[in-house]
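Peer 1: Model the structure of this input:
(2 chains)
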Amino acid sequence: MRLLTHNMLSSNIKGVTNGFPLRIEAEKVVEKQVEINQDFLKSIFPKIEWKAFVDASRTLGYAELPEEAPEPSVLESDHEFLGKFHHALLELHIEEGTLVCPETGRKFPINKGIPNMLLHEDEV
Amino acid sequence: MSSRPELQAPPEIFYDDTEARKYTSSSRIVEIQAKLSERAVELLALPDDGVPRLLLDIGCGSGLSGETLTENGHQWIGLDISQSMLDIALEREVEGDLILGDMGQGLGLRPGVIDGAISISAIQWLCNADKSSHEPRLRLKAFFGSLYKCLARGARAAFQVYPENLAQRELILSYAMRAGFAGGVVVDFPHSTKKRKEYIVLTCGPPSISTAVPKGKVEEGESCSDDESSGDEENQTVSISDRHRPRKKQKTNKKGKGREWILRKKEQMRRKGNTVPPDTKYTGRKRKARF
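Peer 2: Reported below is the predicted structural model:
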């Protein structure tokens, strides 16, 4: 699971008011290189919850992203930033680990890169 | 003649390792799925600007449909309830991220982040009550509600479905409309039993020219004669976005209020501290009509 997906995922448990972001407990992280697509990065950038994204990348051991989200125009001019954004968003894969609901502490395991978000009967 | 998979077992059990492998190694199925996925992407009517979008593949299974999304240059997140099917998707090394989840429990995605959603041969599974605590209506509600939320304004959903019957299709559509979607059904090759395919196309956001339901495909040489349309209400497209207006208050369809309800209410009042007559064998008893 990449941080792109993590940034969109929220805990769906009944009664939870803010299930985003899910805390990451990473056991195995893998890097897989993919080609940069500037158009995609520019279009997805406004949708990213920056703080959650930076925190998540730090949990995975990548500390290159700035704390504050830069202006969108930076994506045009600063290629170094673009590369870092691309790397953290699309090239880091959580293979084994856990996602934790921020409100209830309920754990969603990640196996072979697939998070198990199935809720129990009483959580729906 | 094999019966529908939906009538045999719930999807996570029907699509076990053997079935999952059978499904994915059948070249006929692979080809059909690819065609259906291409058509679904077409129906999403994404802008033709070469910008990759973030799409959802609901019931992504072994990743056959997701591969079409990747081929079209998009990023996608796939959701499926069968671990066996997802394992095959891993084997095929699909590009999208996979989630093991139940669409009837809600999608759990942040508002407005998805640019489009497709689903190939999966939504009809929502209409089955597999476990005793499942109520298809609650699942349909949770699914469409969460889908409406996570789709960006103006985004579309295109679902290829195999509804068991007209009632099932109407049920699915009614819950979509209730969630706020506009849209209808596109039927390709309506007169051919083999080629006939149905797509539910939904739009999220204010109605405009772009939300008009696209035309279905027809065989060359076929014409929609008036004689045929009396029995076959579909012809090319059925746009029923007007038929189901979301009602503000749903009328509860109970056959009067039974004894159980009365007892429950009396207990509630007792808890509040009101004086309530005792529960006897006469409580909630059917009275004569004239009463």
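Peer 1: Please report how far the closest residue to chain A within the stretch 51-200 of chain B lies from A:Gly113.
Peer 2: Distances between the stretch 51-200 of chain B and chain A by C-beta to the nearest C-beta are smallest at B:Gly108, namely 3.5 Å. All C-beta atoms are positioned from the backbone trio N, CA, C, and that covers glycine. Applying C-beta to C-beta, to the nearest Å, the value for B:Gly108 to A:Gly113 is 18 Å.
Peer 1: The two: who's more crowded?
Peer 2: B:Gly108 (23 against 19; other C-beta atoms under 10 Å in any protein chain shown).
Peer 1: OK, contacts around the nearest residue to the more buried one once chain neighbours are set aside?
Peer 2: Nearest non-adjacent residue to B:Gly108, counting by C-beta to C-beta, 6 or more residues apart in numbering or on different chains: A:Asn12, 3.5 Å away. Neighbour list for A:Asn12: A:19, A:117, A:119, B:105-108, B:146 [criterion: C-beta atoms under 8 Å, 6 or more residues apart in numbering or on different chains].
Peer 1: change it to 7 Å
Peer 2: By C-beta atoms under 7 Å, 6 or more residues apart in numbering or on different chains, the contact set of A:Asn12 is A:19, A:119, B:105-106, B:108.
Peer 1: pLDDT score assigned to it?
Peer 2: Per-residue pLDDT puts A:Asn12 at 90.
Peer 1: Then B:Val186?
Peer 2: B:Val186 is given a pLDDT of 94.
Peer 1: Determine the three-state secondary structure at it.
Peer 2: Using DSSP: H, G, I helix; E, B strand; the rest coil, the structure places B:Val186 in strand.
Peer 1: Okay, and the beta partners of it?
Peer 2: Beta-bridge partners recorded for B:Val186 (DSSP bridges): B:Tyr199, B:Thr237.
Peer 1: of all the residues in the stretch 51-200 of chain B, which ones are close to chain A?
Peer 2: Residues of the stretch 51-200 of chain B lying near chain A by C-beta under 7 Å from any C-beta of the partner chain: B:51-52, B:54, B:75, B:77, B:86, B:90, B:97-102, B:105-106, B:108-110, B:113, B:133.
Peer 1: Which pair in the contacts of A:Asn12 has the greatest spatial separation?
Peer 2: A:Gly19 and B:Gln105 (12.9 Å; C-beta to C-beta).
Peer 1: Just want to know which of these two has more residues nearby.
Peer 2: Higher neighbour count among A:Gly19 and B:Gln105: B:Gln105, with 23 against 19, using other C-beta under 10 Å.
Peer 1: My guess is the more buried one contacts A:Met117. True?
Peer 2: No - the criterion here is C-beta atoms under 7 Å, and B:Gln105 misses it with A:Met117 at 8.2 Å.
Peer 1: Quick check on the residue in chain A that chain B sits nearest to: phi, psi?
Peer 2: Closest approach of chain A to chain B (C-beta to the nearest C-beta) occurs at A:Asn12, with a separation of 3.5 Å. In this entry, A:Asn12 is assigned phi and psi values of phi -100, psi 10 (degrees, to the nearest 10).
Peer 1: Helices of the chain, start to end?
Peer 2: Just so you know, I chose chain A. Here chain A has its helices, by DSSP state H, at A:3-6, A:38-44, A:50-59, A:74-77, A:79-86.
Peer 1: that's the wrong chain, I wanted chain B
Peer 2: Counting by DSSP H, chain B has helices at residues B:11-14, B:17-25, B:27-44, B:64-71, B:83-91, B:136-150, B:166-178, B:226-229, B:259-272.
Peer 1: ok, back up a step: and the residue of the stretch 51-200 of chain B closest to chain A, how far is that from B:Cys150?
Peer 2: To B:Cys150, B:Gly108 is 9 Å away according to C-beta to C-beta.
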